[in-house]
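A.B. asks: The following comprises the amino acid sequence and a computationally predicted model.
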Amino acid sequence: MQSFRTELENPVVERDIIDLEQKIRAFRAGEIHEEKFRSLRLARGVYGQRQPGVQMVRIKLPFGKVTFKQLLRIADVADEYGSGNLHLTTRQDIQIHYVSLDRTPELWDELERDDITLREACGNTVRNVTSSPDAGINPDEPFDVSPYAHAVFKYFLRNPICQEMGRKIKISFSATERDTAYSYIHDLGFIPKINDAGERGFKVMLGGGLGAQPFLASAVQEFLPEDQVIPYTESVLRVFDRYGERNNRNKARLKYLVQKLGLDEVLALVAQERVANKSKSFVIDRLAVAEPEPPLVIAFEESELLPGYDLWRETNVFEQKQPGFFGVYIKVTIGDIRTFQARELVEAIHELVADEIRITQNQGLLLKYVRKEALPTLYARLKALNLADPGFDSVADITTCPGTDTCNLGISNSMSLSAVLEQVIYNEYPDFIHDREIKIKISGCMNSCGQHGLAHIGFHGSSVKANGKVVPAVQVMLGGGTVGNGEGRVAERVVKVPTKRADGVLRSLLNDFQRVSVSGESFHQYYDRQGKDYFYQLLKPLGDLTALKDEEYVDWGHEETFETAIGVGECAGVVIDLVATLLLEGKEKLDWATAALVAGAWSDAIYHAYAVQVNTAKALLLDKGVNCSTQSGVIKEFDANFVATGEVELGDTFAELVLAINKNEPSETFAITYLDQATKFYKLMKSRREAQF
């Protein structure tokens with residue numbers, strides 16, 4: 001591996017990239033354990049792929065915003081370092097696949113030249129902060145939530161309180177009560193409100209999540225003033241970091257902490273943390289995300305409209321709140337755009353739309369500020385690029401994760417199935433191209449990266465056994481979806497069928513909906529009226545395995561007989577408990593705390609010092625064979641095993657010393673005292689352990 005040095009203007013980013021390069025070198029030299037290195041690279045957006053020897057790199061794009069220049073930069077990077085394909089995700093990111101690990105620092109450096117980051121796109125961190133893609137132009141929005149999403153992204157990026165949590169945290173901002181950013185399945189979800197006094201604020205949802213076991217979030221604030229969004233979020237993260245599970249990753253999300261302690265106890269802990277927050281009030285800069293300049297007026301010659309224009313205009317175009325301008329959605333099949341297509345897109349649209357594209361949660365694109373007279377020309381140009389399919393966000397616009405194409409956890413080929421089902425709609429049910437109520441979503445496994453858990457009609461990859469063979473299958477999920485204003489529904493498992501019969505499932509459901517539903521009845525009302533067992537009986541014949549055909553042993557998009565080959569998932573990283581590693585990290589964190597103190601960042605210095613003490617205590621406990629799954633457990637067990645027994649004399653309990661963090665304001669005086677305490681504790685414990693060997 002050749003040495004790499006960046007020359008960026010931002011010294012913080014430059015250190016990040018150089019640190020990644022150094023960590024890769026240390027890993028290659030066997031100086032960093034593989035499991036520890038995994039968590040390090042994940043926090044820097046580098047994710048192991050199903051294919052050995054290559055990585056997926058996830059680009060973090062706050063609320064899905066990307067400029068023309070940035071998109072071109074990403075396309076160039078994907079050609080140079082990846083497979084020449086851009087994958088749009090349900091969290092408004094872009095992913096590049098088939099990247100060599102050794103070239104990831106160089107790749108990151110190239111992206112940062114246009115202010116694009118990988119930092120904390122994966123791992124046990126605050127993931128990409130999402131928002132409704134039409135925020136800023138939605139005619140019904142109380143105000144633009146984009147600056148608030150941007151502020152949360154910026155405040156918690158590299159923030160010490162959320163660098164090594166037990167699991168990831170997902171945050172969303174919806175533009176209106178329609179809740180198109182799905183607040184109800186997020187750890188923290190915000191819905192904009194204006195109170196009777198005309199002040200801005202948010203309804204706050206907490207503790208939601210999908211995954212293999214979905215939880216609906218609880219409304220914990222009906223109106224949180226706008227200047228409290230950052231402080232409240234910080235308090236929640238502090239609680240999650242201290243009390244969240246760290247050993248069993250399947251129980252390590254915030255939703256499980258709420259389940260374990262109870263919502264009232266979690267909220268009480270959140271309130272207690274307020275004193276330690278860096279900011280008691282944080283004024284959001286409402287101009288931080290400026291609206292882009294509308295395109296110049298261009299004279300267009302009138303010409304005959306191309307076939308399909310009217311349907312496209314009806315299903316993919318809406319009038320913005322800014323008079324005279326329109327938003328235009330681009331439906332992107334399976335969320336994949338080839339790099340050459342991205343370049344052609346920018347060339348085709350740059351004079352017709354504003355210089356801001358938003359990636360949508362259903363893996364499409366939103367263009368802004370299109371003049372009415374430019375719509376026919378824009379349609380013609382998009383059609384020439386095969387990007388003018390009608391039915392954006394309709395039944396014909398299916399969300400899917402990558403599945404077995406690249407994901408370690410994929411069981412079935414969700415992307416090929418998605419393309420098959422979309423063709424069923426277009427060819428056999430054209431009326432449903434207009435239906436934007438029913439959502440179809442597919443995941444390659446039960447973990448819901450394709451959001452099948454919040455779909456009206458959902459599928460996730462699975463398998464069944466028949467005649468001594470393994471058959472690719474899908475679990476059919478029904479009745480989920482958004483209700484509005486923070487309310488949602490989790491889809492119910494109804495029946496499991498061979499994957500090759502999923503198109504039959506879709507036909508049966510749509511035929512029955514057309515035949516049985518009452519006029520004006522929503523899919524939710526239809527599902528509730530008929531009941532789960534009705535749908536089980538309706539679809540049960542498709543689950544019959546007594547007469548399987550040869551092709552049903554082969555998954556969509558494959559030629560070989562199906563085999564389950566599931567690797568180790570990396571969505572949240574892997575936490576390891578190696579004593580030496582923890583002590584080495586303690587020294588590194590002491591250095592970070594000292595640097596923060598010198599820079600006048602009292603709160604950061606304090607939190608690094610807190611992490612030093614907890615990590616060091618955990619290392620000593622591991623030497624005794626005591627493995628705690630939470631930071632609060634570490635603190636309690638250190639007192640029980642070392643202080644109460646007299647083995648360690650601290651002058652007070654460890655809990656009293658270390659938990660001074662949430663009883664004191666983050667002042668310079670406390671930061672100096674607390675860091676001194678952490679330094680002495682670390683040196684004492686390190687010396688104690690070294691004396692044993």
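C.D. replies: Noted; the coordinates are in hand.
A.B. asks: Domain-wise, how is the chain divided?
C.D. replies: With domains defined by automatic domain parsing, the chain comprises 11-64+79-112, 130-276, 309-384, 399-553, 579-690.
A.B. asks: closest one to Phe392 among these?
C.D. replies: In terms of C-beta to C-beta, the element of these nearest to Phe392 is domain 309-384, at 3.9 Å. In this view, the C-beta of every residue, glycine as well, is placed from N, C-alpha and C.
A.B. asks: pLDDT of the closest one, averaged?
C.D. replies: Summarised as a single mean, pLDDT over domain 309-384 is 97.
A.B. asks: Output the domains of the chain in JSON lines; the columns should cover mean neighbour count.
C.D. replies: JSON lines is the format used below for these (neighbours: other C-beta atoms under 10 Å):
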{"stretch": "domain 11-64+79-112", "mean neighbour count": "20"}
{"stretch": "domain 130-276", "mean neighbour count": "21"}
{"stretch": "domain 309-384", "mean neighbour count": "19"}
{"stretch": "domain 399-553", "mean neighbour count": "20"}
{"stretch": "domain 579-690", "mean neighbour count": "18"}
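A.B. asks: Can I get stretch 348-365 as CSV, trimmed to CA atoms?
C.D. replies: This file holds the C-alpha atoms of stretch 348-365, laid out as CSV (Å, rounded to 0.1, in the frame of the first residue of the first chain):
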residue,chain,number,x,y,z
ALA,A,348,-29.7,17.7,-20.1
ILE,A,349,-31.3,19.5,-17.2
HIS,A,350,-28.8,22.2,-16.0
GLU,A,351,-30.5,25.1,-17.9
LEU,A,352,-34.0,24.0,-17.1
VAL,A,353,-33.9,23.4,-13.3
ALA,A,354,-32.3,24.9,-10.2
ASP,A,355,-28.9,23.6,-9.2
GLU,A,356,-30.1,21.4,-6.5
ILE,A,357,-31.3,17.8,-6.7
ARG,A,358,-32.8,15.9,-3.8
ILE,A,359,-32.6,12.1,-3.4
THR,A,360,-35.9,10.7,-2.3
GLN,A,361,-36.7,8.0,0.3
ASN,A,362,-38.0,5.8,-2.5
GLN,A,363,-34.7,6.0,-4.4
GLY,A,364,-35.7,8.6,-6.9
LEU,A,365,-34.7,12.2,-7.6
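A.B. asks: Reformat the domains of the chain into JSON lines and put distance to Pro294 next to each item.
C.D. replies: Shown next, in JSON lines, are the domains of the chain (distance: least, C-beta to C-beta, whole Å):
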{"stretch": "domain 11-64+79-112", "distance to Pro294": "20"}
{"stretch": "domain 130-276", "distance to Pro294": "11"}
{"stretch": "domain 309-384", "distance to Pro294": "4"}
{"stretch": "domain 399-553", "distance to Pro294": "26"}
{"stretch": "domain 579-690", "distance to Pro294": "40"}
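A.B. asks: can you give me the helices in the stretch 101-250 of the chain?
C.D. replies: Counting by DSSP state H, counting those that start in this stretch, one finds helices in the stretch 101-250 of the chain at the ranges 104-112, 146-156, 229-243.
A.B. asks: how about CSV for the ones you listed, with distance to Glu31 and mean pLDDT added?
C.D. replies: CSV is the format used below for the helices of the stretch 101-250 of the chain (distance: least, C-beta to C-beta, whole Å; pLDDT from 0 to 100):
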stretch, distance to Glu31, mean pLDDT
helix 104-112, 17, 95
helix 146-156, 30, 98
helix 229-243, 27, 98
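A.B. asks: Nearest to Gly262, out of the ones you listed?
C.D. replies: Smallest distance to Gly262 across the helices of the stretch 101-250 of the chain (C-beta to C-beta): 12.0 Å, for helix 229-243.
A.B. asks: List the residue ranges of the chain that fall below the pLDDT cut-off.
C.D. replies: For the chain, the stretches flagged by pLDDT under 70 are 1-7, 301, 404-406, 408-410, 559-578, 692-693.
A.B. asks: Can you tell me how far the most centrally placed residue in it is from Ile185?
C.D. replies: Among the residues of the chain, the one closest to the centroid is Arg91, at 4.7 Å (C-alpha atoms, centre = their mean). Per C-beta to C-beta, to the nearest Å, Arg91 is found 12 Å from Ile185.
A.B. asks: So for those two, which residues contact both of them?
C.D. replies: Taking C-beta atoms under 8 Å, 6 or more residues apart in numbering as the contact criterion, Arg91 and Ile185 have no common neighbours.
A.B. asks: For the residue lying closest to Pro498 once chain neighbours are set aside, give its distance to Leu267.
C.D. replies: Nearest non-adjacent residue to Pro498, counting by C-beta to C-beta, 6 or more residues apart in numbering: Glu552, 4.8 Å away. To Leu267, Glu552 is 50 Å away according to C-beta to C-beta.
A.B. asks: now swap in Tyr429 and tell me
C.D. replies: Relative to Leu267, and taking C-beta to C-beta, Tyr429 is found at 46 Å.
A.B. asks: all helices for the stretch 551-693 of the chain, in order.
C.D. replies: Ranges of helices in the stretch 551-693 of the chain, per DSSP H, counting those that start in this stretch, are 579-598, 602-623, 631-638, 654-658, 668-690.
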